[in-house]
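Asker: Fold the following.
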Amino acid sequence: MNARVDHLEAAPLAPAPLSTEQQIGQIAVQLPGATAVFRRLKLDFCCGGQVSLAKAAADKGLDANAVLAELAALQRSDAVPEAASPSALIDHILVRYHEVHRAQLPELIRMARRVEAVHRDNPHVPAGLADHLEEMHEELLSHMLKEEQVLFPMLKAGSNPFVGQPIGMMRAEHVDHGEALDKLNALTNDATPPQGACNTWRALYAGIAQLGDDLINHIHLENNVLFPQFEASAVPSQGCGPSGCACSGGGTLQA
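Answerer: Numbering: from 1, shown residues only. Model prediction:
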């Protein structure tokens, strides 16, 4: 996991086209985040997922094109702004990753709890998945808040000789996130649903796969693109290696 983060090169992916003629179950599986939209609009993507978006919307008196537009907004690119300044890169990270993680995890937790409850007798059920996602959610919220309230304002203000310690702490927490992803992959067989899995189970694993990709790209941009621009001029922290172990005196970065 950590080697993948260290050497990953983010590649923009072209979003797949959406159509009102697609089955809503297919959209739920292929487009992470769609389940939250369908649930809010009371569109049954699980047991009733074999009907087209157009028919499902019409049956509920909804405008299919309006629903399609809302779904299209969930399609996100990983492209980084060309020749981005540190400030522009930080803004990209906030919108593309911080906001997305905050939207992703509550829906994944909800679906995981449902799958664990409905399919508790299935030998392939990912027991403990919802609890693990909740732990990841709490850790990510804490991590992102530290960046938003402390580190990112420091970086946007320009060169700071003491920025090495908070960067080191964030790097150390990135390692923890990588270990959490490894456990997530183990619980879900690398986000591979078992044969015969229902649409909710398949959509859950599609969302987990996206979460993993997003988190890896997020860490890559910070570790390999943003942080090195400031570390060269930072005062070396005492007692810590280049990864920043967050030892003595500053075990936590206060938000």
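Asker: Low-confidence stretches in the chain?
Answerer: Of all residues in the chain, those with pLDDT under 70 make up the ranges 1-16, 82-83, 234-255.
Asker: where does the most centrally placed residue in it fall, phi/psi-wise?
Answerer: Nearest to the geometric centre of the chain sits Leu211, at 3.5 Å (CA atoms, centre = their mean). Per-residue torsions, Leu211: phi -60, psi -50 (degrees, to the nearest 10).
Asker: isn't it right next to Glu107, touching?
Answerer: No. Contact criterion CB atoms under 8 Å: Leu211 and Glu107 do not qualify, at 10.2 Å. Any C-beta I mention is one placed from the backbone N, CA and C, and that applies to glycine too.
Asker: so where do the helices sit in the stretch 101-250 of the chain?
Answerer: In the stretch 101-250 of the chain, the segments counted as helices under DSSP state H, counting those that start in this stretch are 129-146, 152-156, 164-187, 199-220, 228-231.
Asker: Run through the neighbouring helices and strands of the third one.
Answerer: Counting contacts by 3 or more CB pairs under 8 Å, 6 or more residues apart in numbering; DSSP states H and E, helix 164-187 packs against helix 2-7, helix 129-146, helix 199-220, helix 228-231.
Asker: Pick the most buried one from the ones you listed.
Answerer: Highest mean neighbour count among those (mean count of other CB atoms under 10 Å): helix 199-220, with a mean of 22.
Asker: Please tell me I have it right and Val225 contacts Pro86.
Answerer: No. Val225 lies out of contact with Pro86 (CB under 8 Å); the separation is 9.3 Å.
Asker: With distance to Ala79 as extra columns, can I get the helices of the stretch 101-250 of the chain in CSV?
Answerer: Formatted as CSV, the helices of the stretch 101-250 of the chain follow (distance: least, CB to CB, whole Å):
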stretch, distance to Ala79
helix 129-146, 21
helix 152-156, 21
helix 164-187, 22
helix 199-220, 11
helix 228-231, 19
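Asker: just so I know, which of these lies nearest Asp63?
Answerer: Ranking the helices of the stretch 101-250 of the chain by proximity to Asp63 (CB to CB) places helix 199-220 first, at 23.0 Å.
Asker: what's that closest one packed up against?
Answerer: Using 3+ CB pairs under 8 Å, 6+ apart: helix 199-220 touches helix 2-7, helix 24-30, helix 34-40, helix 99-118, helix 164-187.
Asker: For the residue nearest to His101 when sequence neighbours are not counted, list the residues it contacts.
Answerer: Of all residues not flanking His101 in the chain, Leu140 sits nearest, at 5.4 Å (CB to CB, 6 or more residues apart in numbering). Listed by CB atoms under 8 Å, 6 or more residues apart in numbering, the contact partners of Leu140 are His101, Leu105, His177.
Asker: so Gly207 touches Pro32, yeah?
Answerer: Yes. When contacts are counted by CB under 8 Å, Gly207 is listed as touching Pro32 (4.0 Å).
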